[in-house]
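> Output the structure for:
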Amino acid sequence: ASNICKTISNRLIVTDTNRWARLGKFRSKATIVQNVPEDPGKHLSRNLPTGATKVFVTGAMSTRRGLAQILQAVEQTPETTIVAAGMPSDEFAAETFVKHPRVDYRGVVTPRQSLELAAQCDAVFAFYEPSCENHLFASPNKLFDGMSVGRPVIINSEVKMSELADRLRVGLLCKYHDAEGLRSIVASLPAQRENLPAFAEMARRSFLEDHSWERMESLIADLYASLDDSTNKSHYKTAASPKPKAA
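Predicted structure coming up:
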């Protein structure tokens, strides 16, 4: 079904270069539109975290998104809490994670509110259990959310997008099941506050130059401009016309 859709489509959209590379013969009609937010403004990046160290957990929350791992790391790190927002999608998330005493659960929030919460924290958490291709090739918006508000992203190194996070110097990497590695990352966050203003400026500069939604909008506009109207009309007419029944 996927191959048929790729064949009959005039253009394709994928969210990163890893997914583009997997298109094979269809690469020539694909455009990369990254999973990025609108620019929330410089002021959020300057809203530096205070008090206890805070890690932001958001999005679809489940055991396969590293909830047990980040809970364990926080439990072993004094004066560290989790700020969480999103929809619990399994029993562990609903009954254990969001009710944990070290988790400040804010419920389901808007994208704008999510960025505001991220800016109040020391890091954004993005773990994907490396048990399936969908997780290995995930395009987490959390990476770009963190960049937009000037916060590092804690991401497991098995995820392909961790390579981009590392190259842009905005990621804190360890393997999914490396409990000591994750604990060390969380424990290092208080000391990183001193350099957070400089980090925020660097991360936002990279975000604005190459990864903002404004940049993606121009790519989408170019994509539509490249479509041939006559080809589209012919395609849709053919697709809408039922085949005659056999005699």
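> In this structure, where is pLDDT below threshold?
Within the chain, the stretches with pLDDT under 70 are 228-247.
> And the helices in it?
For the chain, the helices defined by DSSP state H cover 2-8, 17-21, 42-45, 67-75, 91, 111-119, 133-136, 141-148, 162-167, 179-192, 196-206, 213-225, 229-240.
> And the first one, how far out from the chain middle?
The chain centroid and the centroid of helix 2-8 are separated by 26 Å under Cα atoms, centre = their mean, to the nearest Å.
> List of residues touching stretch 168-187?
53, 55, 66, 69-70, 72-74, 76-77, 80, 123, 127-130, 143, 146-147, 152-158, 162, 165-166, 188, 202-203, 206 (Cβ atoms under 8 Å, 6 or more residues apart in numbering). Using the backbone N, CA and C atoms, a C-beta is placed for each residue, glycine as well.
> got the end-to-end distance for that stretch?
Here the two ends of stretch 168-187 are set 22 Å apart, with distance taken as Cα to Cα, to the nearest Å.
> which of the residues in it are buried?
168, 170-174, 176, 181-183, 185-186 (16 or more other Cβ atoms under 10 Å).
> and it, how far out from the chain's middle?
Centroid separation between stretch 168-187 and its chain, computed with Cα atoms, centre = their mean, is 16 Å.
> is it true that residue 148 touches residue 116?
No - using Cβ atoms under 8 Å, residue 148 makes no contact with residue 116, being 11.2 Å away.
> Common neighbours of the two, please.
Residues touching both residue 148 and residue 116 by Cβ under 8 Å, 6+ apart: 40, 44.
> if we can go back for a sec, how about the buried residues of stretch 168-187 in TSV, adding distance to residue 44?
Output for the buried residues of stretch 168-187, formatted as TSV (distance: Cβ to Cβ, whole Å):
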residue	distance to residue 44
168	19
170	16
171	20
172	20
173	24
174	27
176	29
181	29
182	26
183	28
185	23
186	22
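> between those, which is closest to residue 1?
Nearest to residue 1 among these is residue 176, at 30.4 Å by Cβ to Cβ.
> circling back to that earlier point, so which of the helices of the chain is the most surrounded?
The highest average neighbour count among these, using mean count of other Cβ atoms under 10 Å, belongs to helix 141-148 at a mean of 26.
> and residue 64, what is it in contact with?
128-129, 131, 135 are the contacts of residue 64 under Cβ under 8 Å, 6+ apart.
> Ranking by neighbours, what's the top pick from the residues you listed?
When neighbours are taken as other Cβ atoms under 10 Å, the top entry among the contacts of residue 64 is residue 128 (22 neighbours).
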